[in-house]
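Asks: for reference, the sequence and a predicted model appear below.
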Amino acid sequence: MAAAWLRYHAEDACLTLRIHAQPNAGSTGAAGLHGDALKIRIAAPAADDRANAALLAWLADALAVPRSALRLKSGKTSRRKVVEIRPADAQLITRAAALAA
């Protein structure tokens, strides 16, 4: 897999996404790549963890997985975040890769 922001760990059936979050945006959605991360604009403020909650909810919806499958592994107070998704399969990887298109 060539995308630096997207990593699949077969031994754990885990997909890791590197995200660059932009809170307080007009609407929530993917906005292409930002360096080695997928940029996601979030229509929620960073205060009180609302942007993180909105990010995870949007990702769950966009990737058609239950919210419980996602975990914010790092970056709770940063724009740079790492999100893990378990379990992951080939279809999920394809849907995730399409977010950068």
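Replies: On my side now, so go ahead.

Asks: what residues sit buried inside stretch 48-68?
Replies: Neighbour-count burial for stretch 48-68, with 16 or more other CB atoms under 10 Å as criterion, is recorded at 51, 52, 54, 55, 56, 58, 59, 60, 62, 63, 65. (C-beta placed from N, C-alpha, C; glycine too.)

Asks: tell me the one among these nearest to residue 34.
Replies: For the buried residues of stretch 48-68, the closest approach to residue 34 (CB to CB) belongs to residue 55, at 14.2 Å.

Asks: what about the closest one, distance to residue 13?
Replies: According to CB to CB, to the nearest Å, residue 55 stands 22 Å off from residue 13.

Asks: ranges for the strands of this structure?
Replies: Under the criterion DSSP state E, the chain carries strands at the ranges 6-9, 14-22, 29-34, 37-41, 70-74, 80-85.

Asks: mind checking which of the ones you listed is nearest residue 97?
Replies: Of all the strands of the chain, strand 6-9 sits nearest to residue 97, with 6.1 Å by CB to CB.

Asks: adjacent strands (with direction) for the closest one?
Replies: strand 14-22 (antiparallel) (DSSP bridges).

Asks: the partner strand vs strand 29-34, what angle?
Replies: With axes from the mean of the first three to the mean of the last three CA atoms, to 10 degrees defining the directions, strand 14-22 sits at 100 degrees from strand 29-34.

Asks: chain center to strand 14-22: distance?
Replies: How far strand 14-22 lies from its chain's middle: 4 Å, per CA atoms, centre = their mean, to the nearest Å.
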